[in-house]
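*Asks:* predicted model, plus sequence, below.
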Amino acid sequence: MNIKIVSTQPFADQKPGTSGLRKRVTVFQELHYLENFVQSIFDSLEGYQGQTLVVGGDGRYYNRQAIQTILKMAAANEFGRVLVGQGGVLSTPAASCIIRKNQAFGGIILSASHNPGGPEGDFGIKYNISNGGPAPEKVTEAIYARSKTITAYRILEAADVNLDQLGTSQVGSMTVQVIDSVTDYAQLMESLFDFDRIHHLLTSGSFRMCMDSLHAVTGPYAHAIFEQRLGAPAGTVINGIPLEDFGGGHPDPNLVYAHELVDILYGEQGPDFGAASDGDGDRNMILGRKFFVTPSDSLAIIAANANIVPGYSSGLAGVARSMPTSQAVDRVAAHIGIDCYETPTGWKFFGNLLDANKATLCGEESFGTGSNHIREKDGLWAVLFWLNILAVRQQSVEQIVQEHWKTYGRNYYSRHDYEEVDTERANNLITNLRSLIPTLKGKQFGRYQVEYSDDFSYTDPVDGSVSQKQGVRILFTDGSRIVFRLSGTGTQGATLRLYLESYEPDPANHALDPQQALATLITLSDEIAQIHHFTGLEKPTVIT
Ligand code: G1P
Ligand code: ZN
């Protein structure tokens, strides 16, 4: 078989963002666009010849075509073996699990996560290293640098691989193994949680759950785990058939986009427990009956209850959260007497902490929770963790959260997104904020006094690498915070994220609507950052 060396020219826009390279499908369909990026990945790696690569994606439009190209390029670049999920499908957590289990050299995950799919939607590609986690910044920077100078890529002239048929075939001298997408992942879950107790809960007749897979990748995983293995009645999983365009929806598990699930949980005679996950299965939303659990609270509650879950009952090494995530988990860590790490936004920063056994659990406010079982956040893992807690505690979701607040206080929390802002205007807003930082300390705004303000910089405690300019934060003397940063995952214009948090120790004040509880901080953030002025937007496009 023939290896072709194809001449190409660099694209200027192949800089990986918070989570890989994300662009419109139409951009990836441009001649050589995908190939350039894949070759840039391979060129940035050393010693992969003869090794194993894991490949899979969330099943969105263009997944299959991209995989065929990647297989032929992996063969031409001398990988020894590729493990690919059946139908080209692997959830992001399953890909991480399979990389680790097979001691693969790395993996390529095709997903734009929660962004809409279809011919007019988004596509994405991300490289994960041998620990199963997203490539750290030094690797993504090398990939980007290479993409700016690339002149040729290598691809084998070969027939397409049948991705639907389990089994082994050859592409040139490289072996391709099409593997079941679910089995390894489901086994890992069974090793962590008390499946007997969860089975009992789900078949007792007095507890009902609803899992919304939003027509995205977790459908087959959720059917296999909740319905087949754990005995939940058929119909427990809704929107469980993955579609290339997610049924036209936005596969993002939050109160806005998972509205069908929200309507079910907030309806009359709703189930006791509801959950949703995103396009590639790494995010989760947790709901009780007429009750929403914020991701920041969910992380704190998972940490506080880890002792009753088999995979974690021997204790937590530490916990980690992204900087904008609420400080609820910090209070749990302080209570247990373990370290709590504050990292920049993006899962890649947790990898070193998990590898060095400094943290066992990690989470982000953006509906991401996970642990050292893999090196990605994990949607269904979080759902199972909650089910395990519910099975043991025999209380409602709401009772568990209320009790948690009573013990630790409540961190009122909200994120306001201003989407599709003109990039220059958004940059001006941040530049202006940065220039204000030195003037803020000690300033009084109504009842809030600024204790400290900076542009968050992180020094990795394991490898010493420094990541700067990770978000402007304003901390007040009472523990409240406002954080501003620009999204690194959008594909259109800029997205400004405003994160608001205020701490309330008194249980008598725990029943407020978060927007109400945060109202003064919301006004204050506009006063300081002049959001309306800079963005031209009257109000946020999404509030979570
Ligand atoms: C967003 C979230 C971040 C998450 C990332 C990937 O990134 O805020 O927490 O890790 O998606 O799922 P952002 O768009 O804010 O850069
Ligand atoms: Zn995702």
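*Replies:* On my side now, so go ahead. In this text the structure is predicted, and so the values were computed from the model without any measurement. Ligands and ions are numbered 1, 2, ... in the order given.

*Asks:* and the residue in the chain that ligand 2 sits nearest to, which of the three is it?
*Replies:* Ranking the residues of the chain by distance to ligand 2 (CB to the ion) places Ser113 first, at 3.2 Å. Any C-beta I mention is one placed from the backbone N, CA and C, and that applies to glycine too. Following DSSP: H, G, I helix; E, B strand; the rest coil, the label given to Ser113 is coil.

*Asks:* can you read off the backbone torsions of it?
*Replies:* phi 50, psi -120 (degrees, to the nearest 10).

*Asks:* list the contacts of Ala74.
*Replies:* Residues in contact with Ala74 (CB atoms under 8 Å, 6 or more residues apart in numbering) are Phe42, Leu53, Val55, Val82, Val171, Met174.

*Asks:* swap that for Met174, sorry
*Replies:* Contacts of Met174 by CB under 8 Å, 6+ apart are Leu71, Ala74, Ala75, Glu78, Phe79, Gly80, Arg81, Val82.

*Asks:* for the fourth one, which residues are in contact?
*Replies:* The contact partners of Glu78, by CB under 8 Å, 6+ apart, come to Tyr48, Gln49, Gly50, Met174.

*Asks:* from those, keep the buried residues only.
*Replies:* Tyr48, Met174 (16 or more other CB atoms under 10 Å).

*Asks:* distance check, the residue of the chain closest to ligand 2 against Pro134.
*Replies:* 12 Å (CB to CB, to the nearest Å).

*Asks:* bridged to the residue nearest to Gln444 when sequence neighbours are not counted, which residues?
*Replies:* Using CB to CB, 6 or more residues apart in numbering and skipping the chain neighbours, the partner closest in space to Gln444 is Val450 (7.9 Å). On the basis of DSSP bridges, Val450 is bridged to Phe476.

*Asks:* okay, Val450: pLDDT?
*Replies:* In this model, Val450 is scored at 95, pLDDT.

*Asks:* burial check on it, number of neighbours?
*Replies:* Neighbour count of Val450, defined by other CB atoms under 10 Å: 18.

*Asks:* surely it and Lys441 touch.
*Replies:* Yes: applying CB atoms under 8 Å, one finds Val450 in contact with Lys441, separated by 5.8 Å.

*Asks:* give me the common contacts of those two.
*Replies:* By CB under 8 Å, 6+ apart, no residue touches both Val450 and Lys441.

*Asks:* overlap of the contact sets of Ser113 and Pro134?
*Replies:* The contact lists of Ser113 and Pro134 share Ser19, where a contact means CB under 8 Å, 6+ apart.

*Asks:* rewinding a little: a markdown table for the contacts of Met174, including secondary structure and distance to ligand 1?
*Replies:* Listed next are the contacts of Met174 as a markdown table, based on DSSP: H, G, I helix; E, B strand; the rest coil; distance: CB to the nearest ligand atom, whole Å:
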| residue | secondary structure | distance to ligand 1 |
| --- | --- | --- |
| Leu71 | helix | 26 |
| Ala74 | helix | 25 |
| Ala75 | helix | 30 |
| Glu78 | coil | 31 |
| Phe79 | coil | 27 |
| Gly80 | coil | 31 |
| Arg81 | strand | 29 |
| Val82 | strand | 25 |
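
*Asks:* nearest to Arg64 among these?
*Replies:* Set against Arg64, the nearest of the contacts of Met174 by CB to CB is Leu71 (10.8 Å).

*Asks:* let me see the contact set for the closest one.
*Replies:* Val55, Val82, Val84, Val161, Val171, Met174, Val176.

*Asks:* quick one: which of those sit in helices?
*Replies:* When the contacts of Leu71 are checked against helices using DSSP state H, none is located there.

*Asks:* got those residues as a markdown table, with pLDDT columns?
*Replies:* Formatted as a markdown table, those follow (pLDDT from 0 to 100):
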| residue | pLDDT |
| --- | --- |
| Val55 | 98 |
| Val82 | 98 |
| Val84 | 98 |
| Val161 | 97 |
| Val171 | 97 |
| Met174 | 98 |
| Val176 | 98 |
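
*Asks:* which residues of the stretch 201-350 of the chain lie near ligand 1?
*Replies:* Ser322, Thr345, Gly346, Trp347 (CB under 6 Å from any ligand atom).

*Asks:* how far away is the nearest residue to Asp278 once chain neighbours are set aside from His335?
*Replies:* Counting by CB to CB, 6+ apart, Asp278 lies nearest to His114, which is 4.2 Å off, once chain neighbours are set aside. As judged by CB to CB, His114 and His335 stand 32 Å apart.
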